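> got a structure for you, letters missing:
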């Protein structure tokens with residue numbers, strides 16, 4: 001059964017449940033117009049918010065609305081196998097939006113948005129509104145890349161609090177820095193199979209006290225190439241490197 005499911009078309013379905021249900025307009029269009037699925041055909045339905053999936057059958061299509069029947073509902077099979085925590089300094093504008101999107105696609109399990117000395121955090125920051133937008137971005141990204149779940153997003157929290165939450169963390173802990181000689185590729189090659197926590201600073205980087213605090217909490221400074229990268233570029237490059245080294 002598992003081999004058969006893997007070969008089926010995967011369709012994101014919000015509120016996936018056993019039995020019959022109507023699909024929303026987007027899912028209906030994707031199933032019946034983009035892929036021209038016919039009544040009676042089976043496909044794999046998955047819900048990233050509940051991290052579930054199941055074999056579904058198209059049982060009706062009327063206008064812009066498709067009706068399906070779902071069986072064998074179970075936990076999603078396409079979820080990250082290791083814990084990967086991204087501790088990302090808050091950035092101005094829409095930078096975090098893109099970071100959340102890339103983190104979701106590249107199998108980050110936890111995204112912690114933190115405030116630092118050089119972060120552009122203000123007292124009037126609309127944290128609830130931003131959290132809702134980041135969650136929506138994660139859902140859309142997971143559906144697009146066919147990931148079975150979404151990362152847990154927390155923020156905006158103090159950098160020290162994030163470090164304290166990792167005192168019992170048993171995986172590798174790294175901080176990206178252009179000032180160290182330790183190459184990220186060397187660190188990854190040595191510990192590719194471990195859980196990981198990665199800290200990436202804001203524009204201008206961490207100050208000296210923050211770097212010392214990270215070192216005291218067991219974070220190893222690593223260098224990502226020979227260039228000084230923008231924060232959002234560094235995230236994608238570092239997570240891409242982790243994905244490449246984690247491939248079986």
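Arrived safely. Everything quoted here is computed from the prediction, not taken from an experiment.
> For the protein, which segments count as helices?
With DSSP state H as the criterion, the chain has helices at 2-7, 25-29, 95-105, 127-145, 159-164, 184-190, 208-216, 231-246.
> In a markdown table, list those helices along with distance to residue 64 and mean pLDDT.
Every C-beta, even on glycine, is put in place using the N, C-alpha and C of the backbone. Below are the helices of the chain laid out as a markdown table (distance: least, CB to CB, whole Å; pLDDT from 0 to 100):
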| stretch | distance to residue 64 | mean pLDDT |
| --- | --- | --- |
| helix 2-7 | 27 | 60 |
| helix 25-29 | 5 | 95 |
| helix 95-105 | 27 | 96 |
| helix 127-145 | 19 | 93 |
| helix 159-164 | 45 | 94 |
| helix 184-190 | 47 | 89 |
| helix 208-216 | 52 | 95 |
| helix 231-246 | 36 | 91 |
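> winner for burial among those helices?
helix 95-105 (a mean of 22; mean count of other CB atoms under 10 Å).
> Going by contacts, tell me the helices and strands next to that helix.
Other helices and strands packing on helix 95-105, by 3 or more CB pairs under 8 Å, 6 or more residues apart in numbering; DSSP states H and E, are strand 84-89, strand 110-115, helix 127-145, helix 231-246.
> out of those, nearest to residue 42?
Closest of the helices and strands packed on helix 95-105 to residue 42 is helix 127-145, at 19.4 Å (criterion: CB to CB).
> tell me the angle that closest one makes with helix 95-105.
Using axes from the mean of the first three to the mean of the last three CA atoms, to 10 degrees, one finds that helix 127-145 and helix 95-105 are set 40 degrees apart in direction.
> quick one: contacts of helix 127-145?
12, 48-49, 96-97, 100-105, 111, 113, 147-151, 153, 155-156 (CB atoms under 8 Å, 6 or more residues apart in numbering).
> of the helices and strands packed on helix 95-105, which approaches residue 65 most closely?
Once those are compared by CB to CB, helix 127-145 is nearest, at 18.9 Å.
> Show me the beta-bridge partners of the residue located most distally from the centre of the chain.
Here the centre of the chain is the reference, and by CA atoms, centre = their mean the most remote residue is residue 62, at 34.9 Å. Judged by DSSP bridges, the bridge partners of residue 62 are residue 65.
> got a list of what residue 46 touches?
The contact partners of residue 46, by CB under 8 Å, 6+ apart, come to 10-13, 16, 52-53, 76, 78, 146, 148.
> Which ones among the residues you listed map onto strands?
Using DSSP state E, 10-12, 52-53 are the members of the contacts of residue 46 that sit in strands.
> and the closest residue to residue 148 other than its chain neighbours, how many neighbours does it have?
Of all residues not flanking residue 148 in the chain, residue 76 sits nearest, at 2.8 Å (CB to CB, 6 or more residues apart in numbering). Per other CB atoms under 10 Å, the neighbour tally for residue 76 reads 18.
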